[in-house]
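Asker: Take this sequence and fold it.
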Amino acid sequence: MNTPSTPSQDRAPYRLDPAGGCPHTDNARLLAQGAVTPVLLPGDVAGMAVLGHDALRDFLTHPEVAKGAQHFTALAEGRIPEGWPLRTFATVQGMTTADDADHRRLRSLVSSAFTPRRVEELRPRVASLIAGLLDGLAEAARSGDGVADLRRHYALPLPLGVICELLGVAERHQERLHHLSSQVVATDTGPQQAVAANRELVELLATIAADKARTPGDDLISALIAARDEGGDRLSQPELIGTLVLLIIAGHETTLNLVTNAVRALCTHRDQLTHVREGRADWADVVEETLRWDSPVSYFPFRYPTRDLTVGGTLIPRGTPVLAGYSAAGRDPEAHGPDADRFDVTRTPATKHLSLGHGSHYCLGAPLARMEATLALEALFTRYPELDLAVPETELTRHAGFVGNSVRALPVRLGA
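Answerer: Below is the predicted model:
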C-alpha cells in the first residue's frame, strides 16, 4: 500500500457534488494525480477517497481499517449533525457498520438466503417475474406513444420484487420502500428531509416486522425475528431494523443500477451487442464488464483507519471517513490497461473489478444480483432485439447523489 503517489497535503480536496452527475471525467483527472484523494463531503466534512484499483483492494482488506462508527472521529466528537445526509451510512446498526465477531454474527444470520445454491433455486421464479415485466414494458410503451421508461418498468420492479419476496414484504409496501431508500442513499437532501426519510423508513420496517412477528411465514424477516426472540446475543431490535434497511436498499438499488447501466451501454455500443449475439461473449460477460465500466455504486461510505495509514503513498489520518471509489477503480488504467474507459464485453484477460466489494464485507447478494441481471438482459434483448434509446444519451438525467451511479430514467423504444 506504499506505492508512490501525490501526498494529500499537496492536493486540493475534491468537493463531491451532492447532486451527483457522471463521475468518470472527474475520476480520470483525480486518478492521474494519484490513487487516493482528499475530498469534501456534504457540509464540508473532510474525508478521503481511495480511487486506484490496487490501493482500494488492499484498503478494503487492511486489518487496521474498521467500519464501526465509533472510529469516525468527527462523529465521536459531535461535529456531525443529525440531518447530515450520509449519517445513516455511518450509524445504522447492521453488517455495514460492524466489525470482526459482530460482523460475522450478523452476516451468518442472513447468509443462507444468498448462497449460490439458494440463488439457483430462485432462477425459475426470477424468470417468471421477468416474463411478466416484459409484458408490462410493452404495455407501457403502447400507452406512451412507443416509449417506455425501462428503469421504472423493468430494472426496478425485478430486484425489488425478488428481495421483498425473500424478506416476506407485502407488495403494497414496495413502492414506498423504494421511495424512502432512494432518499436515504441520496446525498442532495436537506437536513429535515434526510431525518424524515430515515425516520419513516425505520418506522415502516418496524411495522412490517411487528406484523410478521404476529403472523410469521417462511421468509427471511420471520427467521430474523426468531433469532431476535431467542434471547442471548444473536440479534437486537436495532440490529434487526438495521439489517432490514441494508437488505432492502442493497437488495435492489445496486441491481437496479446494474441493469439500467448495462442496457444503456449496449444501446450505445451496438457492436458489443453483436459480439454477444454472435457468440464472442455471453450475457454474464456483459454483466461483469458493466460492473467494471460503469459501477452501480460510485463512492460508497464509510471505512475508518484505526491508526494513521499510508495508502498509495498518501497519508490517511486515523478516524477519517473514507469512501470506496468503485467507479474510479473500474476504469483505472493501471489495472485495466490504456483502454480502461472502453466498454468491451470481450475484454481479456477476464474482467476483474471491485464493484461488489472485496474481503469480509464482499456483497452478500452478489450471486443474486448477477443472476437477476444476466437473465434480465438476455430476456430483454431476445424479445426486443431492436430495443434502443428513445433520446440521445447526452439528454439522460443522472442519478441524484454520488453514492449510486446511474440515470434517473431510461426511455427506450422497443422496436418491432
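
Asker: and the strand or helix carrying Leu315, which residues are buried?
Answerer: Assessed by DSSP states H and E, Leu315 sits inside strand 314-316. Neighbour counts over strand 314-316 (16 or more other CB atoms under 10 Å) mark 314, 316 as buried. Backbone N, C-alpha and C define where each C-beta goes, glycine included.

Asker: List the neighbouring strands of it plus their orientation.
Answerer: strand 309-311 (antiparallel) (DSSP bridges).

Asker: Flag every buried residue along the strand it pairs with.
Answerer: For strand 309-311, using 16+ other CB under 10 Å, the buried residues are 309-311.

Asker: in this structure, which residue is closest to the centre?
Answerer: Using CA atoms, centre = their mean, the residue of the chain that lies closest to the mean C-alpha position is Thr254, 3.7 Å off.

Asker: where does the residue nearest to that one when sequence neighbours are not counted fall, phi/psi-wise?
Answerer: Distances taken as CB to CB, 6 or more residues apart in numbering put Pro296 closest to Thr254, at 4.7 Å, once the chain neighbours are dropped. Phi and psi for Pro296, reported as degrees, to the nearest 10, are phi -60, psi -20.

Asker: Leu150 now?
Answerer: According to degrees, to the nearest 10, Leu150 has phi -60, psi -30.

Asker: Gly47 too?
Answerer: phi -150, psi -170.

Asker: you'd agree it is up against Leu323?
Answerer: Yes - counting by CB atoms under 8 Å, Gly47 touches Leu323, with 6.3 Å between them.

Asker: what touches both of the two?
Answerer: Residues touching both Gly47 and Leu323 (CB atoms under 8 Å, 6 or more residues apart in numbering): 39, 302.

Asker: sorry, back to before: wait, is the residue nearest to the centre of the chain part of a helix?
Answerer: Yes - if the criterion is DSSP: H, G, I helix; E, B strand; the rest coil, then Thr254 is within a helix.

Asker: what sits against it?
Answerer: Here Thr254 is in contact with 159, 296-297, 356, 363, 365, 369 (criterion: CB under 8 Å, 6+ apart).

Asker: Okay, and which of those map to helices?
Answerer: 159, 369 (DSSP state H).

Asker: now, which of the contacts of Thr254 sits nearest Asp17?
Answerer: For the contacts of Thr254, the minimum distance to Asp17 (CB to CB) is 16.0 Å, reached by Val297.

Asker: count of neighbours near the spatially closest residue to that closest one that is not a sequence neighbour?
Answerer: Leaving aside its chain neighbours, Val297 sits nearest to Tyr326 (5.2 Å; criterion: CB to CB, 6+ apart). Neighbour count of Tyr326, defined by other CB atoms under 10 Å: 27.

Asker: Let me know the pLDDT of Tyr326.
Answerer: Turning to Tyr326, the model gives it a pLDDT of 98.

Asker: hang on, it packs against Ser295?
Answerer: Yes - counting by CB under 8 Å, Tyr326 touches Ser295, with 4.3 Å between them.

Asker: intersection of neighbour lists for those two?
Answerer: 353, 355.

Asker: can you map out the helices along the stretch 251-400 of the chain?
Answerer: For the stretch 251-400 of the chain, the helices defined by DSSP state H, counting those that start in this stretch cover 270-277, 283-293, 326-329, 333-336, 366-383.

Asker: Show me the one of the ones you listed that comes nearest Val185.
Answerer: Between Val185 and these, the tightest spacing by CB to CB is seen for helix 326-329, at 14.0 Å.

Asker: With only the CA atoms kept, save that closest one in CSV.
Answerer: Below are the C-alpha coordinates for helix 326-329, written out as CSV (Å, rounded to 0.1, in the frame of the first residue of the first chain):
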residue,chain,number,x,y,z
TYR,A,326,-15.6,1.8,-7.1
SER,A,327,-16.4,3.7,-10.3
ALA,A,328,-12.9,5.1,-10.4
ALA,A,329,-11.2,1.8,-9.7
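
Asker: tell me what it is packed against?
Answerer: With contacts taken as 3 or more CB pairs under 8 Å, 6 or more residues apart in numbering; DSSP states H and E, helix 326-329 sits against helix 24-33, helix 53-60, strand 299-305.

Asker: Make TSV out of these and add distance to Pro191 and mean neighbour count.
Answerer: Compiled in TSV, the helices and strands packed on helix 326-329 are given as follows (distance: least, CB to CB, whole Å; neighbours: other CB atoms under 10 Å):
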stretch	distance to Pro191	mean neighbour count
helix 24-33	26	16
helix 53-60	30	22
strand 299-305	17	24
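
Asker: closest one to Arg398 among these?
Answerer: Of all these, helix 24-33 comes closest under CB to CB, at 11.0 Å.
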